[in-house]
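Colleague: give me the fold of what follows.
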Amino acid sequence: MREARGGRQAAKEAYGWTGGPFEVPADIKAMWEQTGERGGAARAEWQSRLDALPQGKRQKFEAAMSGEIPNKLVSTVRALKKQMSESAPKMATRAASEKALEVINPVVRETLGGSADLTGSNNTLTSDLSIFTADDRKGRYVYYGIREHGM
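Modeller: Residues are numbered from 1 along each chain as shown. As a prediction, the model looks like this:
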């Protein structure tokens, strides 16, 4: 494939890049390695705190970090799908989403949701979620504000 005029080669020249494909110059590699080492002590401290947790809390953390969904979620979603198929309600997509979140959030305790300034309209705040604030960090719902940067 021919490069468009001024393509990759022009960009390399503009930045003074003389290295070949997949080649990382030694000075850049060294800088990246130093950057990686900076967090070593903080990582070791974090690992010590994790290791010191009571067994139950550590297992809960590790389960959340594993990315595996609870077995109960499959049957819970299947039941909702059956109910919705049988009743065939006419509802807006945001209302259907809320119905799904109402059964997912209690089962998958790691879910975190939120909205900008449309919480009441988009139905994202389900009954089992409390609000995450500076004073209450146990909440699982965030009011992002109009700028939506957190989203």
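Colleague: and the lowest-mean-pLDDT helix or strand in the chain, what does it pack against?
Modeller: The least trusted helix or strand in the chain, going by mean pLDDT, DSSP states H and E, turns out to be helix 119-122, with a mean of 80. Other elements packing on helix 119-122 under the criterion 3 or more CB pairs under 8 Å, 6 or more residues apart in numbering; DSSP states H and E are helix 93-107. All C-beta atoms are positioned from the backbone trio N, CA, C, and that covers glycine.
Colleague: counting contacts, what elements does the longest helix seen in the chain pack onto?
Modeller: Scanning the chain for the longest helix, with DSSP state H as the assignment, gives helix 71-87. In terms of contacts (3+ CB pairs under 8 Å, 6+ apart), helix 71-87 is packed against helix 93-107.
Colleague: buried set for the longest helix of the chain?
Modeller: 76, 80 (16 or more other CB atoms under 10 Å).
Colleague: which residues are contacting it?
Modeller: Residues from elsewhere that reach helix 71-87, judged by CB atoms under 8 Å, 6 or more residues apart in numbering: 96, 99-100, 103-104, 107-108.
Colleague: how many neighbours does S130 have?
Modeller: Using other CB atoms under 10 Å, S130 has 11 neighbouring residues.
Colleague: A95 too?
Modeller: Residues lying near A95 (other CB under 10 Å) number 12.
Colleague: so it touches T124, yeah?
Modeller: No - if you go by CB atoms under 8 Å, A95 and T124 don't touch, sitting 11.3 Å apart.
Colleague: before we move on, the earlier item: what subset of the contacts of helix 71-87 is buried?
Modeller: Using 16+ other CB under 10 Å as the burial test, these include 99, 103-104, 107 as buried.
Colleague: now those residues in TSV, with pLDDT and distance to S75?
Modeller: Output for the buried ones among the contacts of helix 71-87, formatted as TSV (pLDDT from 0 to 100; distance: CB to CB, whole Å):
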residue	pLDDT	distance to S75
K99	94	16
V103	95	10
I104	95	12
V107	94	9
